[in-house]
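J.: 3D model of this:
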Amino acid sequence: MRSSAAAALLATLAPLALAVRADFFRNDFLPVGHVRTDPVISQNCLSDHVHSFYGPLLLHPSVTFDDLHASDPTLSSGNIEENQSLYWHPAVYHVTGDGSKTLQESEMTTVYYVWVPGSTRAFPPGFRMIAPDEEVFQPEGITPGQCEMELSISFPSCWDGVNLDSPDHTSHVAFPSGEEKDAPCPGSPPVRIPRLDFFIRWFNTNAAR
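T.: A predicted model of the protein is given here:
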């Protein structure tokens, strides 16, 4: 299997409180649709390729934070009603030898929110970001020749503390200066936000390639 394009995974994030005495939680999702829309990059037209969406049933390219916040949580595909975030990534296809493609709908997708207690700020209302292209669909997340496949994606966890978005949807955020959970943020952007680790799983699937 491979993604239909080498594009970033994108997310529009509703705020989540970090007041609990913990340092992570997980949210499981089922896909809600596969559509040529992208509410971060292409808000006024169709996107270049199909995306798979998770969360509220709001897949229009012009969907806003207020739309997500006002949506019915019982209709979201996630198992935590308080999280009305919308997540999406390039659709994944199985490609045969003659080039024909079949959409592969994930069986379960898990998003981990990981933070450092006491030094992490919650996402502000209306916050948006994408994962840079080179961070999407890491090769080590693919297991060739087996019946199960998992793809993993990680988002930046440092923010400039001011901008909810940026022209390229990445300049206002950055990855920390190390792999550890408490690795420091670079000098700019300096504000630590929750780290999102995204795991997409397929079972009884064809061998990846």
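
J.: could you pull out the helices for this protein?
T.: 65-70 (DSSP state H).

J.: Which strand runs longest in it?
T.: If you go by DSSP state E, the chain has its longest strand at strand 195-203.

J.: for the record, mean pLDDT for that strand?
T.: Averaged over strand 195-203, pLDDT sits at 87.

J.: Now do that strand: which elements does it pack against?
T.: Contact partners of strand 195-203 among helices and strands, from 3 or more CB pairs under 8 Å, 6 or more residues apart in numbering; DSSP states H and E: strand 86-90, strand 108-114, strand 148-154. Quick note: C-beta positions are derived from backbone N, CA and C, even for glycine.

J.: Looking at those strands, which is nearest to Pro190?
T.: Taking CB to CB, strand 108-114 is the member of those nearest to Pro190, at 18.6 Å.

J.: Show me what the closest one is in contact with.
T.: 16, 23-31, 54, 87, 157, 181, 194-201 (CB atoms under 8 Å, 6 or more residues apart in numbering).

J.: now with 6 Å?
T.: By CB atoms under 6 Å, 6 or more residues apart in numbering, the list of residues contacting strand 108-114 from outside reads 24-29, 54, 181, 194-195, 197-201.

J.: Could you do stretch 179-196 as well?
T.: With CB under 6 Å, 6+ apart, stretch 179-196 has contacts from 113-116, 119-121, 155, 157-161, 174, 176-177.

J.: That stretch spans what distance, first to last residue?
T.: End-to-end distance of stretch 179-196 (CA to CA, to the nearest Å): 13 Å.

J.: Give me the distance between Ile41 and Val173.
T.: Separation of Ile41 from Val173 (CB to CB, to the nearest Å): 15 Å.

J.: can you give me the angle the longest strand of the chain makes with strand 108-114?
T.: Interaxial angle, strand 195-203 versus strand 108-114 (axes from the mean of the first three to the mean of the last three CA atoms, to 10 degrees): 160 degrees.

J.: What subset of the contacts of strand 108-114 is buried?
T.: Among those, those classed as buried by 16 or more other CB atoms under 10 Å are Phe25, Asn27, Phe29, Tyr54, Pro194, Arg195, Asp197, Phe198, Phe199, Ile200, Arg201.

J.: Which members of these are the farthest-apart pair?
T.: Pro194 and Arg201 (21.5 Å).

J.: that older thread, out of the contacts of strand 108-114, which one sits closest to Arg36?
T.: Tyr54 (16.5 Å).

J.: List the single closest residue to the closest one in space, sequence neighbours excluded.
T.: Phe29 (3.9 Å; CB to CB, 6 or more residues apart in numbering).

J.: ok, Val173 touching Ser157?
T.: No. In this structure Val173 lies outside contact range of Ser157 using CB atoms under 6 Å: 7.9 Å.

J.: For the protein, give me the ranges with low pLDDT.
T.: Counting by pLDDT under 70, the ranges of the chain that qualify are 1-21, 133-147, 205-209.

J.: Can you tell me which of the helices and strands packed on strand 195-203 is most buried?
T.: strand 86-90 (a mean of 26; mean count of other CB atoms under 10 Å).

J.: In CSV, could you pull the C-alpha coordinates for that strand?
T.: Only the C-alpha atoms of strand 86-90 are listed here, as CSV (Å, rounded to 0.1, in the frame of the first residue of the first chain):
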residue,chain,number,x,y,z
LEU,A,86,-11.2,17.1,13.2
TYR,A,87,-8.3,15.1,11.8
TRP,A,88,-7.5,14.0,8.3
HIS,A,89,-4.7,12.6,6.2
PRO,A,90,-4.1,11.6,2.6
